Structure formats: C-alpha cells, structure tokens
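Peer 1: give me a model of this one.
(4 chains)
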There are 4 protein chains.
Amino acid sequence: MTNVAIVGYGYWGPNLLRNYLEVPGVSVAWVCDRRPEALEKVRRRYPAQAVSGSYDEVLADPAVDAVVIATPISTHFDLAAAALRAGKHVFVEKPMTSSTADAEELVRLAGETGLTLMVGHTFVFSPPVRKLGELIHDGSLGDIHFITSSRVNLGLHQKDVSVVWDLATHDLSILYYWLGESASSVYVTGRGCIVPEIPDVAFVNLRFPSGVVANVDIAWLSPVKLRRTVVVGSRRMALYDDTESVEKVKIFDHGVDYKEPESFGEFHLSYRTGDIVAPRLDTVEPLFAEASHFIECVTTGRRPITDGRAGLQVVASLEAAERSLRDHGGVQTIAATHGPGV
Amino acid sequence: MTNVAIVGYGYWGPNLLRNYLEVPGVSVAWVCDRRPEALEKVRRRYPAQAVSGSYDEVLADPAVDAVVIATPISTHFDLAAAALRAGKHVFVEKPMTSSTADAEELVRLAGETGLTLMVGHTFVFSPPVRKLGELIHDGSLGDIHFITSSRVNLGLHQKDVSVVWDLATHDLSILYYWLGESASSVYVTGRGCIVPEIPDVAFVNLRFPSGVVANVDIAWLSPVKLRRTVVVGSRRMALYDDTESVEKVKIFDHGVDYKEPESFGEFHLSYRTGDIVAPRLDTVEPLFAEASHFIECVTTGRRPITDGRAGLQVVASLEAAERSLRDHGGVQTIAATHGPGV
Amino acid sequence: MTNVAIVGYGYWGPNLLRNYLEVPGVSVAWVCDRRPEALEKVRRRYPAQAVSGSYDEVLADPAVDAVVIATPISTHFDLAAAALRAGKHVFVEKPMTSSTADAEELVRLAGETGLTLMVGHTFVFSPPVRKLGELIHDGSLGDIHFITSSRVNLGLHQKDVSVVWDLATHDLSILYYWLGESASSVYVTGRGCIVPEIPDVAFVNLRFPSGVVANVDIAWLSPVKLRRTVVVGSRRMALYDDTESVEKVKIFDHGVDYKEPESFGEFHLSYRTGDIVAPRLDTVEPLFAEASHFIECVTTGRRPITDGRAGLQVVASLEAAERSLRDHGGVQTIAATHGPGV
Amino acid sequence: MTNVAIVGYGYWGPNLLRNYLEVPGVSVAWVCDRRPEALEKVRRRYPAQAVSGSYDEVLADPAVDAVVIATPISTHFDLAAAALRAGKHVFVEKPMTSSTADAEELVRLAGETGLTLMVGHTFVFSPPVRKLGELIHDGSLGDIHFITSSRVNLGLHQKDVSVVWDLATHDLSILYYWLGESASSVYVTGRGCIVPEIPDVAFVNLRFPSGVVANVDIAWLSPVKLRRTVVVGSRRMALYDDTESVEKVKIFDHGVDYKEPESFGEFHLSYRTGDIVAPRLDTVEPLFAEASHFIECVTTGRRPITDGRAGLQVVASLEAAERSLRDHGGVQTIAATHGPGV
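Peer 2: Here you go, the predicted model:
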C-alpha cells in the first residue's frame, strides 16, 4: 500500500483526490490545505478522510510515502523541495516551478535522493496524445517535418501570468513527449489586448535540434474554441483535434515523394493520397492514468514519463518564451536544459 | 470603349481573358504571348480574337488603352515599366515585382505619368474579404486586436520560389486591405522539408504600427486544406473560412469588457457571448469584380483599391519575410514602403 | 415551502433529487424506493435525507404536497393514480403511462381532483427547444411546412420496449410543443436488426391536422450520433443540432416566394437567401428548469406546459406508432387524444 | 470505332457530348436536336461537328451504332423504341420512361433485338457509390440491416413532376445497385408546400425482399444541403456524405454482437467500437465512367450495370411512390418488376 498526501485542495485538488482514491494499492493518508474552508469541503464529501492544515505535520508522518502538490505555482518549489528533503516522493502540478533555476534545483534534489519526481503534464496521459506518441515513436509517421498547434478560445484571463505560462505549458509538454527532444530556441509575438501588461495572445515559434519547426498559437480571446494540432511527417501526417467528440486523431496516408535530381537543379516530386484513418482510442481518464503511473513509478523505481527533467525543459522554455514576448526580445536560446545531471 | 491587351496566356491568362470579354465597355484588342502554341490555343477558342507574338507591336498600337499582364513574375517589371512609358494603363498580376526596388520604380513611374497601376490581389475582390472589410472599416468589429490565418494543404511545390512568395502574398494583401496599414516588421520560422533549399512551410509573424499582431501559417505540406482566418476586435470577432461552401464568414458578438481598475493591480473583466451571424454574401466572381474595378479606374481616374502602393507594400513584406526565413534572419523591419512618392 | 417526495432512485432519480434540492422553496421530504440498496446510496450521499421503502408511508404523510415519480414505465399509472387519489400533485417521468387508456384515466383523475399533473418531457425545457418554440410561436418562421428529425446512434438496446417507445418519445413531445397540435395519423417502417422481436430502427411518418408532415428517424444502430431537426416554415427555416457544442440552433432567412398564377398552370417562384443566425441560448440546465416549472405550477395552479394532456398525446401516438410498426400495420389514426375531458 | 449520335442538346446534352468526345474509340456522328438554336450552340463550340434537326435522318444513317438520348422524359420512350427498332444501341437518361408499361416495353424490345439498353443512373458510376458497392458486395459490411438517406436543399421546383420523380430517382438507383434487389413496397408521406399540386417534400419508406428497410428524405425546401446516406450492416457501418470534399465515405468498424439466448427471454449484446476509415477514392468523372461503360457494353455485348431492367425497377418504384404520395395512397406494392423477360 502506498500512502499519499494530497496537498492543496482548491480548483484542481478535488480531481486529484477523486482519482487517487480509485487507484488500486493507494491510501490517501492526508488531504492538506492551509485554508480551513478547503478542509471543511473535504470533510463534507469524505467524512472519513484525515485532513491537516499543517504541511509540516504531513511531512513528519513517517507513514506518508509521497506527496501530490496542487497549490499555486509560486509555492511549488518550496513544497516540493521540502518533501524531497523529508524523503517523500513528489508529484507536482504543471508548470513544475516558476523559474528555471528552481526547476534545476528540484531535479538535482531528486537525483541526489533517488526519489521519484513527476510533473502533472496531464495531456501526455490522454488517449489521443498517447496514440499519436506511439505512431511517432514506432516510425509510422516517418521523420517529423513540422508541427502546428492552436489552443485558443474566449477564456478566463489570469491576473498574474501571461497566456504563455497558462496555455503553452500544455503544448510544450505534448511536443517534447512526442519528439523526444526539447526546443533549442523560441521566438514569440504577442500582445496584451485587454490588459496591456498581461499578454492574452501569443504566437510561439519553436526550433528543435533535429530541425523540426513548430508554431503554437495560444489566446484567451478567440471567437471559436480550437484545440487542433497538425503533425507532418515524411511518411504520414496526423491531425489531432481535441474538440472532436469521436474522431480526435486522424492519420493521413498522404505525402510527397522526392526523387534525387540526376542533374543540377532538377528534381521530381510525386504526390500521394491514401486512406484516412481515425484509430480507436482508449477511454481511460487521463488523470487516472497519470495517478496510476505515479504510483507505479514510486513502487518500482521506474522513471516517470513526465519526470523532473521534462518539467525543467518546459519551465526553461516558458521562461525563454516570456523573455521573447516581453519587450520584443527576439529569438531566445533555451539553454538551461542541457546542464549536468539533467 | 476601353481597349485592353492581355499579355501572357499561360495558366492564368485564360481566366483574365474570359472575364475581360464580359466586362461592359471593354474590347480586348490583343492577346499577346511569345509562344506560338499559346496563341494557337486562343485562336481555337476565340477564332475572331486578334493575337500577337510581339509585345512591341501591342505597345505601338495607339488604340490600346491598357495592358493586363499575366506573365512569370520575373518579367513583370520590364513589361509593366515599358507599358507605362508607352502611355498605357497597367494591370499586373501578383506579386507585382520580384524586388522592392522594382516595385518602387513602378510606383514612381505611375505617379509621374498619371497612369493607372493596379495589382491583381484578387482575394481583395472576393465577397467574404469585402464583407469583412466593410465590417472592419465601419467599426463593427471595434479596434482590431490580432489576426491569425492558416493557408495550407498538400499543394504543388514551386521550383523557383519559397512558399512565402507563393502563398503569403494572398494573406498580406488581405490583411493590408482590412487594416489600412502594412506591417512594420516580420519574423519567419520555416523549413524546406522536401527540398531543403525551397522552404515549403513557414510561420509568418507580423507587427503593425497600430499595435496589431498577426500570425500566418502557410504550407504546401498539410494533410488537410485550411483557409481559415480569425479576426479579433474589441467589439466583435470574426471567422473567415474559405473552405466552407456556405457560411464563409461568421461574426461573433462575443467579447471581454474591461473595467479600469480603481486601485493598483485590480481589474475586472466580464465575458459576453451573443448571437453568431453568417451574413449573406454577394455571389459575384472575384475576377470579374477585379476586372471591372480596373476598367472603372482607367475610365474615371479613380485610384485602385489594390494600387501600385499596395503592390509595393506586399513585395517589400515578402522580401523582408524571405530575409527572415533564410539563414534564421531574425526580426526584419519592413522599411521600403515609406519612401517618397509612395 | 413545497414538500416533495422523490419516488424511484434508480438511473434517473439521482438527477431529479440533485435538481429538486436546488430549487428555491422546495423541501425534499422523502426519497422512496422499494430496494434497500437504492436507499443506501441516498444515505451515503445525503446522510440527512429522510428515506422510505414504503410508498404508502409517503402518501400517508400529510406534509407531502407532491410526488416526483421516476420508476419503470409499467408502474407509472398505479403510482401516479394513487398519489392523485391521496391528494398529491404528481410529476411523472416520460412516457407518462404504457397505454392510452391509462393516460386518459390519469388526465381524468387530475381534472377531477384539480391537482397538478405534469410529465417529464425534459427536452421541452432545454434552451434550444425553448428558443425554437419562441420563434415558431411568435411567427418568425411563418407557417410551418414540414419537420424532419434524426435521433440515432450506437445506443443501448432496451430489453422490453422498441426503439419507438425509447426514443420517439423525445421527438413527439418536442414537435407537439412546437406545433401546438398532435399528429392525427402515423405510419412506421422499422425492423429488429439484432433481436428480431425488438425493433431497433424505425422511420416514423406523421401527419398533423394543420397539414404539417414530419419524418422522425430513430435507431439504436447508427455509426454516427445524430440529433438533428430541420424545421421549414414559410418565412424562415431552422436547424437544431443538439450534437453541436455552440451553434445548436441556426435560423436561415432563406425561402421561396410564390406569386399566384395569373393564368391557369402558370406560377412564378423566387428564391431568397439571407443571413444565417445562431442565436445566443440560455445556459440553464433543462432538468432544473423543469423542476422549477413543476413547483411553480403546484404553487400557483398554473397549467404545466407538459401537462397530462401532453403526456396523453405522446402515449397515444407511441401506441399508434407501435401498432403500425408491428406486423406492417399501415397508417394508424391517432384518435384517443380528442376524447371528452382532454 | 463506335459511332454515336447525341440526341437532345439542352441542359444535359453538352455534358454528354463533352464526355463522349473524350472516350477512346468513339466518334460522335451526329448531334441531333429539333431546335435550331440548340444546334447553333453546338456549331459555335464545335465548328466541325455534324448536326441534324431530324431524328429520322440520324436513325437512317447506317454508320450510327448507338444513340444517346437526353431529351425531356416524356419523349424517352418513343425515341428509344424507334432507335431499338432501327437496330441502334440505346443509352437513355434517367428516369428511363414516364411509365412502367413503357419501361417494360423497352426492356422487351432490347431483349428481342439483342441490342444494348442502358440508363443514365450516373451516381452508380461515381467513385463513392462504387467504393461502397464494392464493400457491400464483397461482404465487408456484412448483411445489410437498413439504409437512411437525405437528399435535400433549397432547390429549383420542377413545374411538371413531384420531388419524387426529380430526386428519388438518384437514391433508388443507388440503393438497388448496392443491394442487388429492388424494393417490394413503398410508403410515402409528403406535401406540396409552395404549390399544393406539386409535392416538394417527401419521405420515402421502402421495404426489400431481403428484409432491408430504407428511408429516403427528399425536399426542394431545406435550409441546408444534405447528401447523406447511412448504411448499417451486421459487420460494419458506412456513412456516405456527398457534400464532403474529401472524406465522402467513412467505414465504421462499429457494431453490436448478439449471443443467442440460452433460456427464454434472455439475450446478451456487446458493443464494439473500432477504427474509422475514409478510404481513398478514384478521381474519375462519373459521366466519363458511364460513357466508357456504355461503349464497352456496345462493343463487347456485356450487360450494362444500369441496364433496362435497372431502369424499369426505378420507374416502377417511382410510379408506386407517386401513387402512395398522392391522395394518401398508403403502402403500395411494387409488382411490375417481376414480369417475364425481366
């Protein structure tokens, strides 16, 4: 039996609690929140659940194997670092930290202690993203040429972070999982349309070491909801539309075949159009898959798919993107992700 | 009666000829092409049509009022300049020239001679683009915040130009017509996926003097055909989807209202969702509207909507975009459009 | 304060309980179910809720003003009749009864006792159906010409009733609400594809006294989910697609104008295409609106929109449809709805 | 070389002429029309084409092997019968004749003379209908359970025939080709909404000898254009949407598996959801495929897919449907198609 403590019972905590309660082999030892009214909510729904207003109390409990942190981003580092130092495995919500330096320190701590550090990049555990991951990793799509993604709608403005920290997190984690590499540089155009200091639209241009280029449009101000990603590979192309209720992933057996020119300046292309397949997807809930994966990693020592390094790569990319976005910062190199121990 | 000569009878010329033959008050004096086989095609379809293999002969004909040029881009400048010098009004296909310097010279020549110079930015004459233009210009959408556009499909590769010159031309001419201003800077990420020297995917990031930002995705390598433009304004938002057969334009009475903060750091937003309207569109053929507009400008001296200056702005933007795309050129200022006489 | 008892806590009862708990001025006096395990479920979620396994006990409670019945169809009549005889107002799930004779008896009882009798035709309280109802009733659509509707998907087979009783109930209640009349005759083609004795696909053809004709396709065996209704009127047309997340209702200002012929056999039609409008819809939950309406009717004596007569019309139509479907019964008159007292 | 004469050069004749001119091994000996202005149109487009105002002249020409008839329906029988009697093979547009008796006589004449008689059910030659035909005929869909089809839009009213003769022709010919059988009975509900004597909406209910049931909605009065057919089989289901530009056919590997009950009244169903495939379709123009097929049959003596018998089955079905539609004629048996010699 793995004993976990859910830390933070605000907007997201209830979803985590509900799922961890269902994972076989897990006992939720504590739900922890500083706000009495949050704990009162837990009590009303789950009268038998132990709760605490003190994080220290939770960390001091030797029965606790792991903490699951769903507090505001600015608190992630302190809470996660304290847990690792107390010998607890850590699952922390996305983005992992609010700075690259903090993210590197968490990765270092996890390496030092040998404990599991996992980040809640939930989309990586959703059936359409997993299915596309399989098809990319087994070569079905061939070499990836480029990726475009739109994640926009008339959405709630955040008061403290730009649309980049709010929405690009999702696409970065998905792209890095698919490609098995993180971007080497980023350029962002954007604007604060409603509140000038808080960018609410951004166009994120990414370059990857392998040559892949990607464009991610994100906005809180769009008339229509778009969750559409196009992946173009040398063998096949894919469309992932998360607003579709059924055909979320489509694989196109389309493409262009290239013949090496025999003489200078000559080349021949042939276009190919084949079947379009919408593969059957699993129906597992992403949060449940994510929670199960964390528990499996804690139990077996396996490295999480969305480990601390993945969390660090996303945070470093967000930080670079934000530098580019603010004050027209031009192209920004994303360097921090190649440090030692990472 | 206005006498025009159609110059160039390749891929596009037949469409121009067919439309000019239908514009009231127009006589097609000549169809001109250097290739005998092209003239033979004219003769077979229109036995009574006068044709010529000599551009000099056409320019020397005092009855010719205007030339309509649909030849390869590299020849646009020489043909158009010669026509202006010969006292003929000029309609030239898009892009107007292959360099900013040439475009500036054509604009100068047109100013000097007082002749009409118009560029074939056909989309500007299409009913959905016109309808959206009306709604932007009469303030229905409010201040424009940003625009995103996708123009992609599994399309024919050009052997001599990048996807930017081939496809971005359309979006640039549309955006400049809508906004009444041209971009001040551009950043492009892209790649030659099939033929490394010929970029076939590009993400074009634009900034405008008014503060508007825009992102245009163009590609010859996409599994699905997209012709989708989103315009977000302070009062309303619009979606223009040219792949729709009926509801090509939708106006969303959605938005965010902002209340000035009373104290530092406080602000309140309210979200508004209203009706969605797909306005009825005219059914006129864009090419016919374009031809009619050219003839009207020639006859009345009115300045064309897509005049030489508009052509110059697009060419200067394409040139800057290409500089940014090649060798990771970073953000490029688009300066040439503010020279004297423009 | 109106005291209600929820009777039947199976598949649907929990939804009713949740909504009645939120309606202002309502107290749920009892949740009643014969099955101890059902009552145990109530206790776990709502520890303070009074429950009972005896319907007699509930009816004997003088504090109970109204019963809300969500039990199997075959029990509706006995439970509802007993409640009316005990002086309780009655809300009963759809279809109201399993026979026309029973439905007539309930209507008679409600008339005799002066108590409220309402049927749970929930779709009538959904925002898109209400909006279309407004537009039909205020004449915006003109005279209604015809209606087609599809309600199909790969759905669960019922073991005891045909697809007609399961799905046509929805369309009949919607159509009768919109049109303010019930069908005079019905013809049904159908088939039991999987289990021969249980029709799982049916095409329901309806004629109305006003001349309106309607076609309703229902099936448990369809590759795609369709919830699409087209209403064609003399002034405007409407499309109601319940699978759309945003534009569930669209109004088309399209139509055909007819000029009376001046001489025999001559007539002229002109076609008109105008704007298409997707009106903003309320976001109220249909079940909450339905529950609130029942309580309002109980309190004020107002006649419910979906009163016993509406329930009777639907049951009589289902019965006639079933007669037509079984053994190729041909066109069936729907007569029972015009009896005295209805 | 096969010499054909195109008879009738009105709305459809030019399409036939254009295609027959391109079929290898065909020479268009004559274009025949009684109206001089029609022949004048031929001359202007094809100066070298022989034309005639006299059908007798055409039939008297011993060089003519076959006639292609595209005149008003009421003339089909006389023209086709005369051609067969003159020893010419016959292609005649759909519907083959305006009465079942005439259709039977044509089939008899073709049988007697041994000449080819083919009907222009063009949809049978379109790539999506052919692809679905293959999948039905090779058993990929299993036993067919039912078919629903909608063919509606805001379309031109015919002055002399109901919407049944105008539009149901298409669906009947498609269904009969797919199923390899024609309907045994038909019931139609409909109405003349604009001109009471001319039904402009109809719901056509069909029963087939094999047990298949089908529902075809047709209307000239619909706000949206629908060309959507659902085919449900025991192994797979299919959706054919002719308004889609790319994914016109989709095959769903969905279904319900049935286990025979072990004891009375018990049965178990399991639902299966698999991949969805949009197969690549040929890009051949249906009219060209149809013309090529006719010439092949004339040359080789092969029986056309859409032979006289297929034409007769459709005409007999239309006649029965019209009887059902007019004066509420109830279910009509379609008998004439089983006569001797057919």
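Peer 1: can you name the residues of the stretch 151-300 of chain A sitting close to chain C?
Peer 2: A:224-225, A:243, A:245-246 (Cβ under 8 Å from any Cβ of the partner chain). The way it works is simple: take the backbone N, C-alpha and C, and place the C-beta from them, glycine included.
Peer 1: repeat the analysis, applying 10 Å as the threshold.
Peer 2: A:223-225, A:243, A:245-247 (Cβ under 10 Å from any Cβ of the partner chain).
Peer 1: out of these, which is most surrounded?
Peer 2: Using other Cβ atoms under 10 Å in any protein chain shown as the neighbour test, those are led by residue A:223, with 25 neighbours.
Peer 1: quick one, strands of the stretch 201-342 of chain A?
Peer 2: A:201-207, A:213-219, A:226-233, A:237-241, A:249-252, A:255-259, A:268-272, A:276-278, A:332-333 (DSSP state E, counting those that start in this stretch).
Peer 1: which one, of those strands, ends up nearest to residue C:293?
Peer 2: strand A:226-233 (36.3 Å; Cβ to Cβ).
Peer 1: any residue of the closest one touching chain B?
Peer 2: Yes - Strand A:226-233 comes into contact with chain B (Cβ under 10 Å from any Cβ), by way of A:226, A:228, A:230-233.
Peer 1: for chain D, what is the nearest residue in the stretch 1-150 of chain A?
Peer 2: residue A:131 (11.0 Å; Cβ to the nearest Cβ).
Peer 1: quick check: closest non-adjacent residue to residue A:71.
Peer 2: Closest residue in space to residue A:71, ignoring its immediate chain neighbours: residue A:8 at 3.7 Å, by Cβ to Cβ, 6 or more residues apart in numbering or on different chains.
Peer 1: what's the burial count for the one you found?
Peer 2: Neighbours of residue A:8 under the rule other Cβ under 10 Å: 26.
Peer 1: list the contacts for it?
Peer 2: Neighbour list for residue A:8: A:16, A:31-35, A:38, A:55, A:67-72, A:75-76, A:79, A:92-93 [criterion: Cβ atoms under 10 Å, 6 or more residues apart in numbering or on different chains].
Peer 1: what helices and strands are in contact with the stretch of helix or strand the residue of the stretch 1-150 of chain A closest to chain D belongs to?
Peer 2: Using DSSP states H and E, the element containing residue A:131 is helix A:127-137. Packing partners of helix A:127-137 (3 or more Cβ pairs under 10 Å, 6 or more residues apart in numbering or on different chains; DSSP states H and E): helix A:169-179, strand A:226-233, strand A:237-241, strand A:249-252, helix A:286-300.
Peer 1: list the buried ones in it?
Peer 2: Going by neighbour count (16 or more other Cβ atoms under 10 Å in any protein chain shown), the buried part of helix A:127-137 is A:127-133, A:135-136.
Peer 1: for those residues, which one is nearest residue B:197?
Peer 2: Using Cβ to Cβ, residue A:136 comes nearest to residue B:197 of those, at 26.6 Å.
Peer 1: could you count how many residues lie near the residue lying closest to the closest one once chain neighbours are set aside?
Peer 2: Leaving out its chain neighbours, the residue that sits closest to residue A:136 by Cβ to Cβ, 6+ apart is residue A:178, at 5.1 Å. Residue A:178 has 23 neighbours, counted by other Cβ under 10 Å.
Peer 1: right, and residue A:178 touches residue A:132 too?
Peer 2: Yes - counting by Cβ atoms under 10 Å, residue A:178 touches residue A:132, with 6.5 Å between them.
Peer 1: what touches both of the two?
Peer 2: Shared contacts of residue A:178 and residue A:132, defined by Cβ under 10 Å, 6+ apart, comprise A:141, A:229, A:231, A:238, A:240.
Peer 1: of those residues, which is the nearest to residue A:166?
Peer 2: residue A:229 (17.6 Å).
Peer 1: tell me, how many residues neighbour the closest one?
Peer 2: When neighbours are defined as other Cβ under 10 Å, residue A:229 has 25 of them.
Peer 1: am I right that it is in contact with residue A:244?
Peer 2: No - using Cβ under 10 Å, residue A:229 is not in contact with residue A:244, being 11.9 Å away.
Peer 1: name the residues contacting each of these two.
Peer 2: Contacts common to residue A:229 and residue A:244, judged by Cβ under 10 Å, 6+ apart, are residue A:128.
Peer 1: thinking again about what came up before, how about JSON lines for the residues of the stretch 151-300 of chain A next to chain C, with pLDDT added?
Peer 2: Listed next are those as JSON lines, based on pLDDT from 0 to 100:
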{"residue": "A:223", "pLDDT": "89"}
{"residue": "A:224", "pLDDT": "90"}
{"residue": "A:225", "pLDDT": "92"}
{"residue": "A:243", "pLDDT": "94"}
{"residue": "A:245", "pLDDT": "90"}
{"residue": "A:246", "pLDDT": "91"}
{"residue": "A:247", "pLDDT": "95"}
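Peer 1: can you give me the distance of the residue nearest to residue A:303 when sequence neighbours are not counted to residue D:87?
Peer 2: Residue nearest to residue A:303 in three dimensions, not counting chain neighbours: residue A:297, with 6.9 Å by Cβ to Cβ, 6+ apart. Going from residue A:297 to residue D:87 by Cβ to Cβ, to the nearest Å gives 84 Å.
Peer 1: settle it for me: which of these two has more neighbours?
Peer 2: Legend: neighbour count by other Cβ under 10 Å for residue A:297 and residue D:87, higher for residue A:297 (21 against 13).
Peer 1: could you confirm residue A:62 falls within a strand?
Peer 2: No - going by DSSP: H, G, I helix; E, B strand; the rest coil, the assignment for residue A:62 is coil, not a strand.
Peer 1: list the residues that contact it.
Peer 2: Counted by Cβ under 10 Å, 6+ apart, residue A:62 has contacts A:3, A:86-87.
Peer 1: contacting chain B as well, which ones from the residues you listed?
Peer 2: The subset of the contacts of residue A:62 within reach of chain B, by Cβ under 10 Å from any Cβ, is empty.
Peer 1: report the buried residues of the longest helix seen in chain A.
Peer 2: Ranked by residue count and defined by DSSP state H, the top helix of chain A is helix A:308-325. By neighbour count on 16+ other Cβ under 10 Å, the buried set for helix A:308-325 is A:308-322, A:324-325.
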